[in-house]
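Here is a sequence with its predicted model. Questions after.
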Amino acid sequence: MIIYNLIMDPFIVKLEGKTLKITNNLDHSVKITEIIIKYKVSVNLIDDRIGLKTITENVKIDKELKRKETLQIETKLEDINEISIIYKDDTFRRIDISL
């Protein structure tokens, strides 16, 4: 299990297997509009070498999270490199989290 949490971060993010759990850590509700998930995968290159490639998945959410409420998303793979959470409280914001 990977946990990302620093003091005063707007979200607590946990990855448990293929389930991504995002908890609202703010004192008020926010509307999550989209989650961008970036996976790192190994690929075979033309010259028989192995390389890394980033695959991006955009997940439209459009859900309001109350204080301490958790959103669960089933991911395609467990090898998540980074996620971006696009949300709105008083204005639209984006937070990028490396896992």
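Arrived safely.

alpha carbons only for contacts and neighbour counts from here, please
Fine.

Nearest the geometric middle of this structure, what residue?
Centroid-nearest residue in the chain, with C-alpha atoms, centre = their mean: Ile83, separated by 3.4 Å.

What residues does that one make contact with?
Applying C-alpha atoms under 8 Å, 6 or more residues apart in numbering to Ile83 gives the contacts Ile35, Ile36, Ile37, Lys38, Asp96, Ile97, Ser98, Leu99.

Only alpha carbons, please: show the host helix or strand of Thr33 as PDB.
Taking DSSP states H and E as the definition, one finds Thr33 inside strand 30-44. As requested, the backbone C-alpha atoms of strand 30-44 are provided in PDB (Å, rounded to 0.1, in the frame of the first residue of the first chain):
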ATOM      1  CA  VAL A  30     -14.900  20.200  -3.000                       C
ATOM      2  CA  LYS A  31     -16.100  19.100  -6.400                       C
ATOM      3  CA  ILE A  32     -13.700  16.700  -8.200                       C
ATOM      4  CA  THR A  33     -14.100  17.000 -11.900                       C
ATOM      5  CA  GLU A  34     -11.300  14.700 -13.300                       C
ATOM      6  CA  ILE A  35      -8.500  12.400 -12.300                       C
ATOM      7  CA  ILE A  36      -5.500  11.900 -14.600                       C
ATOM      8  CA  ILE A  37      -3.700   8.700 -13.900                       C
ATOM      9  CA  LYS A  38      -0.200   8.100 -15.400                       C
ATOM     10  CA  TYR A  39       1.200   4.600 -15.600                       C
ATOM     11  CA  LYS A  40       4.800   3.500 -16.300                       C
ATOM     12  CA  VAL A  41       5.000   0.400 -18.400                       C
ATOM     13  CA  SER A  42       7.800  -1.600 -19.900                       C
ATOM     14  CA  VAL A  43       7.800  -1.900 -23.700                       C
ATOM     15  CA  ASN A  44       9.900  -3.900 -26.200                       C
END
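
Parallel or antiparallel, which strands does it pair with?
strand 50-65 (antiparallel), strand 80-88 (antiparallel) (DSSP bridges).
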